[in-house]
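>>> What would the 3D arrangement of this be:
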Amino acid sequence: MPEINANINKAAKDLASVAKDATYVVVGAGVIGFQKAQVQRQDLLKRLGDPKVEIGSRIQGVRSDLTGAIHTVDAQLEDLISKVEAAFAPFEDRLPTPARDLAKQVHVQAKETRTQILDRILTVAG
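Coordinates of the predicted model:
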């Protein structure tokens, strides 16, 4: 019987050793799998993050270009309005006083309206 007990003890030790080794293998495989998942996650974040930056900078560039174009058009419009007003100024001076006052009010209202429209456009573009 002592020989059977010795064989059982040896088999139990071998089984424990195999189980211990298997546990180490499983834990090691889990760690390696986790590390691979982390690397893939980092790569994915880089790939997803970069286009956002590019899109954001592109949108900002378009907004900047649009704002510049709006200012250019506004400056040209202001120049045109000044020329038209200068051309009509001699005729306005000949108008009767009530009509002259009305013309001045129209000029003021038109300028205020143009300024409000420009501010709203720039708010949307900016």
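>>> Can you tell me the element the residue nearest the centre of the chain falls in?
By CA atoms, centre = their mean, the chain has its centre lying nearest to residue 56, at 3.9 Å. Element membership for residue 56 (DSSP states H and E) is helix 2-93.
>>> Next SSE downstream of that helix?
Note on helix 2-93: by DSSP H and E, the next helix or strand toward the C-terminus is helix 97-125.
>>> and that following helix, what other elements does it pack with?
Judged by 3 or more CB pairs under 8 Å, 6 or more residues apart in numbering; DSSP states H and E, helix 97-125 is in contact with helix 2-93. From N, CA and C alone the C-beta is placed, and that goes for glycine too.
>>> Let me know the angle separating the helix it packs on from helix 97-125.
170 degrees (axes from the mean of the first three to the mean of the last three CA atoms, to 10 degrees).
>>> circling back to that earlier point, same for the helix holding residue 56, what does it pack against?
Using 3+ CB pairs under 8 Å, 6+ apart as the contact test, the elements touching helix 2-93 are helix 97-125.
>>> Give me the buried stretch members for the helix it packs on, please.
103, 118 (16 or more other CB atoms under 10 Å).
>>> Average pLDDT for that helix, rounded please.
Average pLDDT, helix 97-125: 82.
>>> for stretch 39-47, same thing?
Rounded mean pLDDT across stretch 39-47 is 79.
>>> list the buried ones in it?
Buried residues in stretch 39-47 (16+ other CB under 10 Å): none.
>>> Now find how far off-centre it is within its chain.
A distance of 20 Å separates the C-alpha centroid of stretch 39-47 from that of its chain, computed with CA atoms, centre = their mean, to the nearest Å.
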